[in-house]
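> Provided below are the primary sequence and the corresponding predicted coordinates.
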Amino acid sequence: MNQLVLYSNVVLGTILLFSYFYIGSKNSGVVEKLWGNIKGLHRKLTIASMIITGITYLFTIYYLGFKSDKLDKKLLNEILKYQIILIIASMLWMPLSIKYLNKKDVLTKIAVILILFIVAISALAIFYKLLTINDNSKYKIMALVGSGMLFFHTFFLDFLNWNYNFFK
């Protein structure tokens, strides 16, 4: 069992979710605007993707936390580094987006776009590093599904789609 992977993801992931809840509740007047003009079925599909991505990414955390005893420690630490970057960058998205809504300046817009790009590239790095592991177990395949879904959601729905809809 890799406690560092588990604790890092559980603690930082909990802080991330709490930060969204806390910042959203303190800025309830702009929460609707944070959807970036994503409405109706489009929003429902985005929410469904969030839920599916969250559930399937648990497979990745399970694999790295409980099935990683035989994995190269250097590779495992690289994956953990990308997970930490992804979570910390994700913590910056909401405050930066709210800042942009309050004062539409170009530097904040660039920062929001850059943060979502960093999140997506970190997700891709996690997927790629998992792909390089010489293991054909069902747990690795499930971890690839989870990290693949994370990349799909963060790149296509957050970085491309959300940015387009939020800044138009």
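Cool, the structure landed.

> From A123, how far off is L116?
In this view, L116 and A123 are 11 Å apart by Cβ to Cβ, to the nearest Å. C-beta here means a position set from N, CA and C on the backbone, and glycine is covered the same way.

> out of those two, which sits in the busier spot?
A123 (27 against 24; other Cβ atoms under 10 Å).

> helix/strand/coil for the most far-flung residue of the chain relative to its centre?
Most distant residue from the mean C-alpha position of the chain: K70, 26.2 Å away (Cα atoms, centre = their mean). At K70 the chain is in coil, as set by DSSP: H, G, I helix; E, B strand; the rest coil.

> Now for the residue lying closest to it once chain neighbours are set aside, how many residues are close by?
Nearest in space to K70, with sequence neighbours left out and distances taken as Cβ to Cβ, 6 or more residues apart in numbering, is D135 at 7.7 Å. By other Cβ under 10 Å, the residues close to D135 number 14.

> Quick check: phi and psi at the nearest residue to M50 once chain neighbours are set aside.
Nearest residue to M50 in three dimensions, chain neighbours excluded: H153, at 6.9 Å (Cβ to Cβ, 6+ apart). Taking degrees, to the nearest 10, you get phi -70, psi -50 for the backbone angles of H153.
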